[in-house]
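In: Next one to model:
(6 chains, ligands or ions: 12)
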6 protein chains.
Amino acid sequence: MTFLRPAGKAIFKDRFTTKANELLRHYDEGKKATFGLVGFPLSKPSISHSGASLAPTAIRNSLASFSTYSGEEGRELTDELLDFGDVLMHPTDVEESQQRITVALTEVLATGAASQWFFLGGDHSISYSSIKALAANHTIGVLQFDAHHDLRNTEDGGPTNGTPFRRLIEDDIVTGERISQIGIRDFMNAKEYHDFANQHGIQVYTMEQVRELGIIYIMERELNRFSRLADFIYLSVDMDVLDQAFAPGCPAIGPGGMDTQTLLRGVEVAAKHPLVQAMDIVEIDPTQDIRDMTSKTAAYLILTYIKNKET
Amino acid sequence: MTFLRPAGKAIFKDRFTTKANELLRHYDEGKKATFGLVGFPLSKPSISHSGASLAPTAIRNSLASFSTYSGEEGRELTDELLDFGDVLMHPTDVEESQQRITVALTEVLATGAASQWFFLGGDHSISYSSIKALAANHTIGVLQFDAHHDLRNTEDGGPTNGTPFRRLIEDDIVTGERISQIGIRDFMNAKEYHDFANQHGIQVYTMEQVRELGIIYIMERELNRFSRLADFIYLSVDMDVLDQAFAPGCPAIGPGGMDTQTLLRGVEVAAKHPLVQAMDIVEIDPTQDIRDMTSKTAAYLILTYIKNKET
Amino acid sequence: MTFLRPAGKAIFKDRFTTKANELLRHYDEGKKATFGLVGFPLSKPSISHSGASLAPTAIRNSLASFSTYSGEEGRELTDELLDFGDVLMHPTDVEESQQRITVALTEVLATGAASQWFFLGGDHSISYSSIKALAANHTIGVLQFDAHHDLRNTEDGGPTNGTPFRRLIEDDIVTGERISQIGIRDFMNAKEYHDFANQHGIQVYTMEQVRELGIIYIMERELNRFSRLADFIYLSVDMDVLDQAFAPGCPAIGPGGMDTQTLLRGVEVAAKHPLVQAMDIVEIDPTQDIRDMTSKTAAYLILTYIKNKET
Amino acid sequence: MTFLRPAGKAIFKDRFTTKANELLRHYDEGKKATFGLVGFPLSKPSISHSGASLAPTAIRNSLASFSTYSGEEGRELTDELLDFGDVLMHPTDVEESQQRITVALTEVLATGAASQWFFLGGDHSISYSSIKALAANHTIGVLQFDAHHDLRNTEDGGPTNGTPFRRLIEDDIVTGERISQIGIRDFMNAKEYHDFANQHGIQVYTMEQVRELGIIYIMERELNRFSRLADFIYLSVDMDVLDQAFAPGCPAIGPGGMDTQTLLRGVEVAAKHPLVQAMDIVEIDPTQDIRDMTSKTAAYLILTYIKNKET
Amino acid sequence: MTFLRPAGKAIFKDRFTTKANELLRHYDEGKKATFGLVGFPLSKPSISHSGASLAPTAIRNSLASFSTYSGEEGRELTDELLDFGDVLMHPTDVEESQQRITVALTEVLATGAASQWFFLGGDHSISYSSIKALAANHTIGVLQFDAHHDLRNTEDGGPTNGTPFRRLIEDDIVTGERISQIGIRDFMNAKEYHDFANQHGIQVYTMEQVRELGIIYIMERELNRFSRLADFIYLSVDMDVLDQAFAPGCPAIGPGGMDTQTLLRGVEVAAKHPLVQAMDIVEIDPTQDIRDMTSKTAAYLILTYIKNKET
Amino acid sequence: MTFLRPAGKAIFKDRFTTKANELLRHYDEGKKATFGLVGFPLSKPSISHSGASLAPTAIRNSLASFSTYSGEEGRELTDELLDFGDVLMHPTDVEESQQRITVALTEVLATGAASQWFFLGGDHSISYSSIKALAANHTIGVLQFDAHHDLRNTEDGGPTNGTPFRRLIEDDIVTGERISQIGIRDFMNAKEYHDFANQHGIQVYTMEQVRELGIIYIMERELNRFSRLADFIYLSVDMDVLDQAFAPGCPAIGPGGMDTQTLLRGVEVAAKHPLVQAMDIVEIDPTQDIRDMTSKTAAYLILTYIKNKET
Ligand SMILES: [Ca+2]
Ligand SMILES: [Ca+2]
Ligand SMILES: [Ca+2]
Ligand SMILES: [Ca+2]
Ligand SMILES: [Ca+2]
Ligand SMILES: [Ca+2]
Ligand SMILES: [Ca+2]
Ligand SMILES: [Ca+2]
Ligand SMILES: [Ca+2]
Ligand SMILES: [Ca+2]
Ligand SMILES: [Ca+2]
Ligand SMILES: [Ca+2]
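Out: Ligands and ions are numbered 1, 2, ... in the order given. As a prediction, the model looks like this:
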């Protein structure tokens, strides 16, 4: 009919503008694309109150705030972003939910439908589950942007969002030397876990080091190091690596963190590296965010990754 | 795949519970159902700042907060709600947008796909456009729930949300005696327009009269009166007929209005009447609402209408 | 110039609608009117955090949400509302501020410019200061709508917003028998002060009594009683007499209070009485209010008073 | 020292006013009192996003908004409220958390320290755990105020906040005839569960019946019925039984519910009955509440219960 | 009278402090000053939901947060700021509103009352209307700070806030080479419009270029270029050129933008140039802003302009 | 009991993590520690609306968002933080409240219980009172981080939060040459007070100078200067020295201020100096803050101070 559009879609359309969410294409069997995306709407493992389970939807919606065109490069992003949807979580069985992520992602990877992956958390516990699935076929190197080590013991609280990288090591999924933590902040971690990082050969870059060495130097150094240690580099972006002024929607906000530009530059450098093949974005709680700023930054990170990936 | 659901749909599903939004079925040619629904996302005609254009989406989403089961009657609502989507508005040509509503609704009605209609505003100006479309084939009686007459002159501001019923009369679409205004409030109207109502035979019930006569008496009296004057009775529900405590999301909130129970009872009585065949719900601004309360009440009104309609 | 209006005044004007704030007329020497209005932007005496000093502006602005026409009576309010402005408060000397209210109001009253008064708080401490000014020439009867007695001792905290009626009695400005407290609530007062009320002959109506006796009965009884005891009846409306659902902007919100309709009816009955000549409205904190609901109700109370006052 | 007070306690103190939170006394071995209170900060079983785990603190804090004096009865509440603190929840093992509530409450009850109990949720799943502990020594009758049956099957989501009363029946802890559900609302339940209620002899009062029969009639009828069936009557107050205007802080808000006065009256009548010995208050999410209104009402319910309990 | 001040003006006054809003002086015929200011409260042309029509009032009010004294220069700003008020907009005829801006500004300019101009939007569509008025007597060069090109085609949506610079070119009001766009951001524009910019000789500086070249270099280069091309340089400041952390109140917020200091520096350099004679500030939506931060920055920009303008 | 924890303390505990609030130890007679802390919950002297009286609680609570471990230094903070609690303020006598701070702090200092002090405001007026107490036994040098001079005359408003440093000079408590003001901003002060600063030898660093000279240079220069002039250096941190993006919770927010990193660096350099022995943090209004960001930064400043203080 002349003016009718499907519910919620009667939105102004400029004929020359493609919105970034239009790159999303629901996955159906047989479809292939460079980029794939899966949502893990899980935040019940979080130690503190979190609505990060709502972030996959918020981040997808935020893609609609952006176009597909990079003026910096004078280039249109045209690759489809195959959307495998979200993994159904169990309301009361947290570990079951975490296992479902691994199961689902294993099935997704088995399709061979994409070669570059975006995983939308959820809290940081999802990184254990997703990396476990990837590690079945790859030697993974992890570049973790985070204010926190996430190396807590699991005796005290089980597989919380404070434990994913500890569990990866303890379950022999990733060795410590193949983990790099960038943006670790004062007064947001315990000595025990910094010691654990050192003992297991995890490469730690504090915020002070980020400021002194520069993000580009750090990224290149770690990418170079991982080139020899891994065949698949995974970016794990905990948005609380950003200062609270730039990521007001994280459960664990605080001062002293990165500015957005530094994180964008870090992702830019990483994405250009051929071994970097996946990025997760975690710890956004849309119910605590201000005007979806943090989800918007997440969407921008995805586009920045795509733009810098040679395809 | 085992646990994957389409984006945003990985939500807990109780096998015995049908959510009210599951009644919505996208209209395709040839489909038929008792109930049809169309969204008119238009609020640029509003005199005051309004985001009512966002309400069709908010109301549809609010249907997901409810189930299809009336415990009061021990009856499941099973009729499909054919969703014709939203009319695409013009960004800068307000009158064009208003005409598109009439054009679109005329096309919708021509399908003969449904016999009972829900129209989701938008601001109150949409009622002019929708009734105009219906009046092509019907003699319309209008039961308007509203704190305001909406009989303003059009010289001062054109076809604003303060003018729809004036325009219906001036354009000979509905005569004054076939309009009934319920819930008109002190200090929210001008004498000129109350006089206009009286001169044109509009039946006005102030809030004081609602409290004294009771909503059931008023409804029955007006339905009875319209039975002789019209072949199609249209409910136009401006949510600001409710007191601000019950409808915090209307642009023109204020004290002294109806409580929700009274409005629900009014819609209940109306829906039972065979000539009542359409209801619009207008003047909800989701950007100013508190926890979507007003949209939730709108969704509840729709379900109440369906439940009480003999089908 | 053709389309230019003074800053902030370029607002849609319907030629037939007078907004209630247009009744406000800045007082200049020699001007006379039935109604006068003064603002007392003082909340530093408050026991709890309060921004009630911002309420005079919020209430005046809320008048712009209403028209001057009462459809219930088919009558336009046309009396000017002489606005004497606001009393300048001292930033750090609370008692000086309270005295300035008395001084300023004494000067205002000396003009003889109006015979009916609206006083906009501010917190409830302003009632002591305003009644003190009036009591110089009148025997005052006070009808206090409040959840609280406001009869606290002054040793513990000086002239706070919990003390005005105690201080009026102790300073021999008003005797207890000439104070009536309506809407007093469970768990919002101390026994000591209820006892004080009883010992001094203050007539107390709890919320339970309001529900059982009805507001009209109570009002008529007290107005009748005061007719013999006073020559000037003063309404003191602490908005927290309302339930939190109806007055979300009071510092001391809580459940179990009046609905708006009851308070409106009470003011209606009172305003009709010839001895009722002033009303204050206190304890609205616009910084904690929801969409200015409480200020809007305050504006509506003013209009309701005007409408019911024979002039 | 002269003016120093412990951190956070330097608050104005009126010598004659006792705040209701001052009734709280930390439990130590050997202490006894009529009233005991335990917090269950658990909301991870919730089907929808919920921060109800934060409610025990919010409700306790809200007690500080009230005094201990009932002006309606002219009586000071002086009984101590023994505070057993909060049960420590497990971050990732939901069923372990639910069992801890039963274990902890069993230990608490074994102290024999109090005879009347307040349990602060958390979400409604805590009622299963608390009633299970009580049922070890009592035949329990449950008066459930709720918009929802909470009789969902557990296959679909495990022991969520939608299942407590189903689980009580299936685990032979309480029979259906000893459960009474008051305030059940249209479009908030599934037919299957209404049928389940009927099949198991649960007494259901819909909101329509509450309006028609009156809360006092319903309470007296059910209390009378339970007098013959149980030796311990438990009030389970899901705050979403209230209309959204009165309880804006519930996860599942909606229109068509009770007003606060009706619920207060219901608790009043119940508390007077000698067999009523416990009340839980659940489903308050302080992160979604407006100015702690819902927690304030919860605190008021506790005080109303205490006031009406013959001790 | 002793302590009375006009309504809303009873505010603490330090005898040595002049607030910046005190520079505002209502224009009356014959008055002259260096600086003039006009408000264009228009946001109905906006593609997305916007309350930018409320910004002229918010920005003027924000001037009251600042003083007139520059400590950096040890200089008091004393020039009056002639306030011509706001242009009255038409409620339903968007193009009429846009024409009124041109008409009104033409009349304002004809007074010759000021030589430096501040125009307060409103959305960015107002720049077309204001520049059109100025271009009647000047060859205009436009320095546009913006994340977006605003060169959209007008077929799709008419004269929206995405079109002003396209329309200026198409209507031969300003040639492309006399437009400079600074701060253009990735993923916020379409390739078509970047191409249009290039084809028409618009000088575009992306954010990456701002970071690499520095704002001072860019400003000086463009000012120098315009010195030869234009006789009147117009700054058009779309606040969304700022990163969302610094301008949370723009409709189109996003990451990757300028910090405030860079924008201030840019305006500083520009204001010093003798040909720069006007600045508009657009795309602030006070209803979405956080604590008026964005309006406060707008006010600060105005003061920075005044301070740097040789007068 | 097995799982019960005191009210509000049933929070996840990682065995290896110490939260910074666990360093707080309630002061009892005889206790000693390096660091002492006192709260001054006073904001009634504020010129503008302020809830800064709520900040001592908000800052203490924010310590719970941080751990005691500095990863930058690989060092655990283990020194206790003796908490002397908060000074009880007078509800209506502002000057009495200010004197109580001096009296209380004098008593606190007399205990000799700590050698390094944190004072939590309140508004900036508390600095006068606290420095007065310290000056009884020390020659004080003041490093004031502030956007404002706070040198207002006291005739106009008494001892407001705009006057503390003027009063210190006028009362011969601190001479001007022993005051250094860092971060003074354009358009936030009056010329008179800048002149006053100059006349009294106050060393003023504007934001422009902070940007040009660098915070480290400024700190070292002033610390060096004070080494010869004072025996006790006092840091007074008005959080509004920060840009509004970094300190959204200050009453007087605005653009053009410091970023958090600069302030942290400043405190770092200062804390290392042996004469620096106290820091106050003022002008945080938790009721206006966004997600307690400003209080979190305050807590982080305290930890940064502790970490850098040789003990
Ligand atoms: Ca993490
Ligand atoms: Ca983290
Ligand atoms: Ca209407
Ligand atoms: Ca209306
Ligand atoms: Ca009071
Ligand atoms: Ca009160
Ligand atoms: Ca329930
Ligand atoms: Ca429920
Ligand atoms: Ca623009
Ligand atoms: Ca823009
Ligand atoms: Ca200061
Ligand atoms: Ca300051």
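
In: which residues in chain A form strands?
Out: A:4-5, A:24-26, A:35-40, A:69-70, A:75-76, A:81-87, A:116-121, A:140-145, A:179-184, A:203-206, A:232-238, A:276-282 (DSSP state E).

In: For chain A, which residues score under the pLDDT cut-off?
Out: Chain A contains residues with pLDDT under 70 at A:311.

In: Would you pull up the residue in it closest to ligand 4?
Out: A:A10 (24.0 Å; CB to the ion). For the C-beta atoms, the positions are set from N, CA and C on the backbone; glycine is no exception.

In: how deep is that residue tucked in, by neighbour count?
Out: A:A10: 24 surrounding residues under other CB atoms under 10 Å in any protein chain shown.

In: for A:R291, same thing?
Out: With other CB under 10 Å as criterion, A:R291 counts 18.

In: now swap in A:E155 and tell me
Out: Count around A:E155 with other CB under 10 Å applied: 8.

In: ok, now which ones touch the closest residue to it other than its chain neighbours?
Out: Nearest non-adjacent residue to A:E155, counting by CB to CB, 6 or more residues apart in numbering or on different chains: F:R15, 7.8 Å away. Going by CB atoms under 8 Å, 6 or more residues apart in numbering or on different chains, F:R15 touches A:153, A:155-156.

In: Check A:T78 too.
Out: Neighbours of A:T78 in contact, by CB under 8 Å, 6+ apart: A:23, A:68.

In: Surely A:G183 is in contact with A:F145?
Out: Yes: contact status for A:G183 versus A:F145: in contact at 5.4 Å, counting by CB atoms under 8 Å.

In: Now the common contact residues for those two.
Out: The contact sets of A:G183 and A:F145 overlap at A:241, A:258 (CB under 8 Å, 6+ apart).

In: At the contact with chain D, which residues of chain A appear?
Out: Listed as neighbours of chain D in chain A under the rule CB under 8 Å from any CB of the partner chain: A:44-47, A:49, A:51, A:53-54, A:90-95, A:157-160, A:287-288.

In: filter those to the buried ones?
Out: A:44-47, A:49, A:51, A:53-54, A:90-94, A:157-160, A:287-288 (16 or more other CB atoms under 10 Å in any protein chain shown).

In: The contacts of F:R15 into a markdown table, with extra columns for distance to C:A270?
Out: Shown next, in a markdown table, are those (distance: CB to CB, whole Å):
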| residue | distance to C:A270 |
| --- | --- |
| A:N153 | 68 |
| A:E155 | 68 |
| A:D156 | 64 |
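
In: Contacts only, for the residue of the stretch 51-200 of chain A found nearest ligand 6.
Out: As assessed by CB to the ion, ligand 6 sits closest to A:G51 within the stretch 51-200 of chain A, at 35.9 Å. Contacts of A:G51 were listed using CB under 8 Å, 6+ apart, and they are A:43, A:285-288, D:49.

In: Make TSV out of those residues and add distance to ligand 3.
Out: Shown next, in TSV, are these (distance: CB to the ion, whole Å):
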residue	distance to ligand 3
A:S43	41
A:D285	38
A:P286	33
A:T287	33
A:Q288	36
D:H49	34
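
In: quick revisit: just curious, which of the contacts of F:R15 is nearest to D:D83?
Out: A:D156 (25.6 Å; CB to CB).

In: these two touch, right, that closest one and F:K13?
Out: Yes: the pair A:D156 / F:K13 is scored as a contact, 6.9 Å apart, by CB under 8 Å.

In: quick one: which of these two has more around it?
Out: Set A:D156 next to F:K13 and count neighbours by other CB under 10 Å: A:D156 wins out with 18 against 14.

In: and the gap between the more buried one and F:L264?
Out: Applying CB to CB, to the nearest Å, the value for A:D156 to F:L264 is 31 Å.

In: same deal with A:G36?
Out: When A:G36 is compared with F:L264 (using CB to CB), they lie 41 Å apart.

In: Distance check, the closest residue to ligand 8 within the stretch 1-150 of chain A against B:E22.
Out: For the stretch 1-150 of chain A and ligand 8, the shortest gap (CB to the ion) falls at A:P91, measuring 15.5 Å. Look at A:P91 and B:E22: by CB to CB, they are 19 Å apart.

In: Over to A:K132?
Out: 35 Å.

In: quick one: which of the two has more around it?
Out: Taking other CB under 10 Å, A:K132 and B:E22 do not tie; A:K132 has more neighbours (22 against 14).

In: Quick one: residues contacting that one.
Out: A:K132 makes contact with A:102, A:168, A:171, A:173, according to CB under 8 Å, 6+ apart.

In: hmm, try it at 7 Å
Out: Residues near A:K132 by CB atoms under 7 Å, 6 or more residues apart in numbering or on different chains: A:102, A:173.

In: same thing with A:K272?
Out: So A:K272 contacts A:N308 (CB under 7 Å, 6+ apart).

In: Quick check: the gap between it and ligand 6.
Out: 65 Å (CB to the ion, to the nearest Å).

In: same deal with A:E208?
Out: 53 Å.

In: could you measure that residue against ligand 3, distance?
Out: On the measure of CB to the ion, A:E208 and ligand 3 end up 60 Å apart.

In: try A:L105
Out: 52 Å.

In: burial of that residue, as a residue count?
Out: A:L105 has 27 nearby residues by other CB under 10 Å.

In: Verify the stated contact: it with A:I131.
Out: No: with contact defined as CB atoms under 7 Å, A:L105 does not count as touching A:I131 (9.4 Å).

In: can you pull the contacts of A:S97?
Out: In this structure, A:S97 makes contact with A:42, A:44, A:89-90, judged by CB under 7 Å, 6+ apart.

In: check those against ligand 1, which are close?
Out: Cross-checking these against ligand 1 (CB under 5 Å from the ion) gives no overlapping residues.

In: Which of those sits closest to C:A64?
Out: Nearest to C:A64 among the contacts of A:S97, with distances taken as CB to CB, is A:K44, at 47.8 Å.

In: for the closest residue to A:D186 other than its chain neighbours, which residues make a bridge with it?
Out: In this structure, A:D186 finds its nearest non-sequential neighbour in F:S70, 4.8 Å apart by CB to CB, 6+ apart. F:S70 has these beta-bridge partners by DSSP bridges: F:R75.

In: Quick one: residues contacting F:S70.
Out: F:S70 touches A:186-187, F:77, F:307, counting by CB under 7 Å, 6+ apart.

In: I'd like to know how far it sits from F:K307.
Out: As judged by CB to CB, F:S70 and F:K307 stand 5 Å apart.

In: same deal with A:G36?
Out: 44 Å.

In: again with A:P41
Out: 38 Å.

In: Then A:V204?
Out: A:V204 is 18 Å from F:K307, by CB to CB.

In: ok, now A:V142?
Out: Relative to F:K307, A:V142 is positioned 29 Å away (CB to CB).

In: now A:Y234
Out: From A:Y234 to F:K307 the distance is 33 Å (CB to CB).

In: ok, how many other residues are close to A:G74?
Out: As a burial measure, A:G74 scores 12 neighbours (other CB under 10 Å).
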